[in-house]
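Peer 1: Build me a model:
(one chain, ligands or ions: 3)
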Amino acid sequence: MDLQIKSNIISFANSIGIEYIGFCSANFSKDFIKRLEYSKQNGYNCEFQEQDILKRVNVFDCMEDAKTFISIAIPYKTLNIDTTKPYFSKSSLGLDYHIVVKKKLQIIENYIQANFNAKTLSFVDTGAFHDREIAYMCGIGFYGKNSTIITPKYGSYVFLGEILTNICIEPDLPISSMCGDCQICIKACPSGAIKEPYCIDSNTCLSYITQKKDDLSKEEQNKIGLRIYGCDTCQDVCPFNKSSKESNILDFLPPDWNIHINEESFLKMSNKVFNETFKKTSSGWRGKKVLQRNLIIAMGNSKNKNYIPLLKSLPYNEYLDKYINNSINKLEGLK
Ligand code: B12
Ligand code: SF4
Ligand code: SF4
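Peer 2: Ligands and ions are numbered 1, 2, ... in the order given. This next block holds a predicted model:
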């Protein structure tokens, strides 16, 4: 193992503004496979997770001589959001993280290929791999009971990505959980989705519910509260996030339309405007209808009767009509 290669990659990553970078062997533990099986057997997986456990761990299908994973964490929280009105979660503000993290990974890949004549492949939420487990094995942070990877400086408000390479690099050590007796996130989760420490039932997690295209039940609509996309609750309450530093990555600074939602423009938005705005954030991938549905539900949950005329003025829409009527009824039923 060449220690010089490791320190050169770290120095290069630091020079392009990456503070968290770690290394681990391209093998997953038996313990990890057991955890994936446990989640699957209990029905906690959602449609966005690779269900084939073999695919999640078989790195040699991607690169036959794979040796090392290199994980990076990129901080994304740039400001506090007003959660008294319909809002987007912190991780869906600014430019889509898939683009931002991938760009950083590609710069490191180019450096590795040019300097060490090595093979590389990079992933951010893209392959079958579990980005958190790789970050954990690389010592980037520890698993919180809310199942997020928590870093010392930016808390859990970091996105993760990794590079698979065929060079052998000395591994870093995983960090054990620092949650101790704390149960704050488990108690704060509005839908009870943290079934036990480190174990999320994705199907009841509000982040998933704001993303799914299927019909939402009345109970799911109530639970969404004012969320238009994603859920930050189990992270916002975490003591490790209270004093976490803000990101200085300009791509994550939200434009005005992302934080000061103009409900009327949002609900009457053309496809062209959607493609130029929200489609470029990480909330855009589920399409305009899902976000509009969530906003309509959030308006119904807001207790703000001033929304009634706007809701009543919306044209008939097969997908949205049920939610529009529910929200109008809810607001009209208020005393
Ligand atoms: C599917 C998915 C979701 C699903 C399911 C979430 C989930 N908990 O897995 C939904 C839609 C709900 C979701 C929500 C969110 N997601 Co998401 N999601 C993913 C995705 C695509 C796959 C995750 C997966 O396969 N999970 C499988 C389950 C079994 O794993 P797990 O819940 O993480 O559980 C692990 C630990 O708890 C641990 N564990 C279990 N028992 C024990 C015991 C001990 C002692 C220890 C130490 C550990 C431990 O092992 C488990 C894995 O085996 C990844 C990207 C990727 N390809 O990896 C992003 C990813 C996990 N998501 C991310 C983000 C940012 C979010 C949200 C914050 C977005 C938001 N604001 O709404 C929320 C957070 C919700 C939460 N508390 O987890 C980031 C996480 C960054 C971080 N710092 O951890 C990722 C890594 C994307 C990225 N590349 O940055 N997501
Ligand atoms: S993201 Fe929200 S719903 Fe999901 S586990 Fe965390 S607090 Fe619960
Ligand atoms: S709120 Fe407490 S239990 Fe939950 S992740 Fe943070 S420290 Fe761990």
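
Peer 1: Can the host helix or strand of Ser207 be said to contact ligand 2?
Peer 2: Assigned by DSSP states H and E, Ser207 belongs to helix 206-211. Yes: counting by Cβ under 6 Å from any ligand atom, ligand 2 has neighbours in helix 206-211: 206-207. The C-beta positions use only the backbone N, C-alpha and C, and glycine is treated the same way.

Peer 1: what packs against that helix?
Peer 2: Here helix 206-211 touches helix 218-224, strand 227-229, helix 288-301, going by 3 or more Cβ pairs under 8 Å, 6 or more residues apart in numbering; DSSP states H and E.

Peer 1: any chance of those in a markdown table, with mean pLDDT and distance to ligand 3 too?
Peer 2: Formatted as a markdown table, these follow (pLDDT from 0 to 100; distance: least, Cβ to the nearest ligand atom, whole Å):
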| stretch | mean pLDDT | distance to ligand 3 |
| --- | --- | --- |
| helix 218-224 | 97 | 20 |
| strand 227-229 | 98 | 19 |
| helix 288-301 | 98 | 25 |
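
Peer 1: before we move on, back to that, residues contacting the helix holding Ser207, please?
Peer 2: Residues outside helix 206-211 that contact it (Cβ atoms under 8 Å, 6 or more residues apart in numbering): 46, 48, 89, 190-191, 193, 202, 216, 220, 223-225, 227-231, 233, 286, 290, 294.

Peer 1: Now narrow these to whatever sits close to ligand 1.
Peer 2: The residues of the contacts of helix 206-211 that also fall near ligand 1, by Cβ under 6 Å from any ligand atom, are 46, 48, 89, 202, 230-231.

Peer 1: Show me these that map onto helices.
Peer 2: Judged by DSSP state H, those include no members of helices.

Peer 1: among those residues, which two are most distant?
Peer 2: Farthest apart among those by Cβ to Cβ are Cys46 and Ser89. That separation is 16.5 Å.

Peer 1: Comparing those two, which shows the higher neighbour count?
Peer 2: Higher neighbour count among Cys46 and Ser89: Ser89, with 22 against 18, using other Cβ atoms under 10 Å.

Peer 1: OK, contacts around the residue nearest to the more buried one when sequence neighbours are not counted?
Peer 2: Distances taken as Cβ to Cβ, 6 or more residues apart in numbering place Gly230 nearest to Ser89, at 2.9 Å, with adjacent residues excluded. Applying Cβ under 8 Å, 6+ apart, we find Gly230 in contact with 88-92, 207, 210-211, 283.

Peer 1: cool, and Leu173?
Peer 2: Taking Cβ under 8 Å, 6+ apart, we find Leu173 in contact with Gly139.

Peer 1: tell me the SS of it?
Peer 2: Of the three states, Leu173 takes coil under DSSP: H, G, I helix; E, B strand; the rest coil.

Peer 1: Repeat that for the one 5 residues further on.
Peer 2: Applying three-state DSSP to Met178 yields a three-state assignment of coil.

Peer 1: okay, now the residue nearest to it when sequence neighbours are not counted: neighbour count?
Peer 2: Distances taken as Cβ to Cβ, 6+ apart put Phe142 closest to Met178, at 5.5 Å, once the chain neighbours are dropped. Applying other Cβ under 10 Å, we find 20 residues neighbouring Phe142.

Peer 1: Looking at Phe142 now. What's its pLDDT?
Peer 2: Turning to Phe142, the model gives it a pLDDT of 98.

Peer 1: Bridged to it, which residues?
Peer 2: The partner list for Phe142 in beta bridges (DSSP bridges) reads Ile150.

Peer 1: Tell me where the stretch 1-150 of the chain has helices.
Peer 2: Using DSSP state H, counting those that start in this stretch, the helices of the stretch 1-150 of the chain run over 3-15, 30-41, 53-57, 97-116, 131-137.

Peer 1: Single out the most deeply packed of those helices.
Peer 2: Comparing these by mean neighbour count (mean count of other Cβ atoms under 10 Å), helix 131-137 ranks first with a mean of 23.

Peer 1: Pull the contacting residues for the residue nearest to Phe60 when sequence neighbours are not counted.
Peer 2: Closest residue to Phe60 apart from its sequence neighbours, by Cβ to Cβ, 6+ apart: Ala66 at 6.0 Å. By Cβ under 8 Å, 6+ apart, Ala66 lies in contact with 26, 59-60, 164-166.

Peer 1: Which of these fall in strands?
Peer 2: 164-165 (DSSP state E).

Peer 1: List, one by one, the residues from the chain near ligand 3.
Peer 2: For the chain, the residues in contact with ligand 3 (Cβ under 6 Å from any ligand atom) are 144-146, 179, 182-185, 237-240.

Peer 1: ok, these vs Lys330, which is closest?
Peer 2: Using Cβ to Cβ, the residues of the chain next to ligand 3 come closest to Lys330 at Val237, 26.7 Å.

Peer 1: For the residue lying closest to that closest one once chain neighbours are set aside, give me the pLDDT.
Peer 2: Leaving aside its sequence neighbours, Val237 sits nearest to Ala188 (Cβ to Cβ, 6+ apart; 4.4 Å). On pLDDT, Ala188 comes in at 98.
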